[in-house]
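*Asks:* predicted model follows, preceded by the sequence.
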Amino acid sequence: MASFWTGKRIRLRGIEPDDWAAFMRIAVDEERLGDLLQPPRPAESYRAWAQEQAAAANRGDCFQLVVEAVETGEAIGAVGSHHADPRAGWFEYGVSIGAGHRRKGYAAEAAVLLMRFMFAERRYHKCQARIFADNEASLAFQRRLGFVEEGRLRDQVFFAGRHHDLVMMGLLVDEFDRMHSLRNP
């Protein structure tokens, strides 16, 4: 039997100390997209962060995984659950793929693997995603996965010199199962 964490094109795995350079590249890519503006960080801070992540104890249902291309073994992105409320039955997720690897199905495959784990194994009922309202590509991506818009937080986030709306999207476990199946194929 193949690993639960391996799809057709990607494998999800824990963060290793050597992944720091991939995370640094992804941060630069995100800044270029205009989704996030942070002060520049030195390479050493990425090294220290990756080392810390590799050695960190399990944080329950909030975690980040490396998205690795099966064909090359290259770390091409990250996916994770960033907030989780097991009592209420919802979690929030995010996925980021490096610029040279976008539009190849990696993000969708990583998101489905993560959600299948959270829905089928951890018994969550709902997945949420927060998307900047002017990020049409990310909104379309979430819709293709089956997410629906549940609300809009006006002028919620300030970056790049102005306030931006944040779109709240949600996907229920039965909606996920109809589109993607809770069972690992």
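*Replies:* Everything's here; your move.
*Asks:* just the CA trace of the helix or strand bottoming out on mean pLDDT in the chain, in CSV.
*Replies:* Lowest by mean pLDDT, DSSP states H and E among the helices and strands of the chain is helix 20-33, with a mean of 81. C-alpha atoms of helix 20-33 as CSV (Å, rounded to 0.1, in the frame of the first residue of the first chain):
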residue,chain,number,x,y,z
TRP,A,20,15.1,26.5,5.0
ALA,A,21,16.2,27.6,1.5
ALA,A,22,12.9,26.5,0.0
PHE,A,23,10.9,28.4,2.6
MET,A,24,13.0,31.5,1.9
ARG,A,25,12.3,31.2,-1.9
ILE,A,26,8.5,30.8,-1.2
ALA,A,27,8.5,33.9,1.0
VAL,A,28,10.1,35.9,-1.8
ASP,A,29,7.5,34.6,-4.2
GLU,A,30,4.7,35.5,-2.0
GLU,A,31,6.0,39.1,-1.7
ARG,A,32,6.2,39.3,-5.5
LEU,A,33,2.6,38.3,-5.7
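*Asks:* report the distance from that helix to the chain centre.
*Replies:* 14 Å (CA atoms, centre = their mean, to the nearest Å).
*Asks:* pull out the buried residues from it.
*Replies:* Across helix 20-33, burial judged by 16 or more other CB atoms under 10 Å covers Trp20, Ala22, Phe23, Met24, Arg25, Ile26, Ala27, Asp29, Glu30. Just so you know, the C-beta spots here come from the backbone N, C-alpha and C atoms, and that holds for glycine as well.
*Asks:* ok, then the element right after that helix?
*Replies:* Counting by DSSP states H and E, the next helix or strand C-terminal to helix 20-33 is helix 43-55.
*Asks:* just to revisit the earlier point, angle of the least confident helix or strand of the chain against helix 43-55?
*Replies:* Here helix 20-33 runs at an angle of 120 degrees relative to helix 43-55 (axes from the mean of the first three to the mean of the last three CA atoms, to 10 degrees).
*Asks:* residue ranges of the helices in the protein, please?
*Replies:* Using DSSP state H, the helices of the chain run over residues 20-33, 43-55, 106-116, 136-145, 173-180.
*Asks:* rebuild those as TSV, extending it with distance to Val167.
*Replies:* Below are those laid out as TSV (distance: least, CB to CB, whole Å):
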stretch	distance to Val167
helix 20-33	16
helix 43-55	29
helix 106-116	16
helix 136-145	6
helix 173-180	17
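*Asks:* out of those helices, which is closest to Ser96?
*Replies:* helix 20-33 (5.5 Å; CB to CB).
*Asks:* tell me how far Arg154 lies from Arg178.
*Replies:* 32 Å (CB to CB, to the nearest Å).
*Asks:* quick revisit: what's the least confident helix or strand of the chain in contact with?
*Replies:* For helix 20-33, the external contacting residues (CB atoms under 8 Å, 6 or more residues apart in numbering) are 36-38, 41, 43, 46-47, 49-51, 66, 74-78, 96-99, 135.
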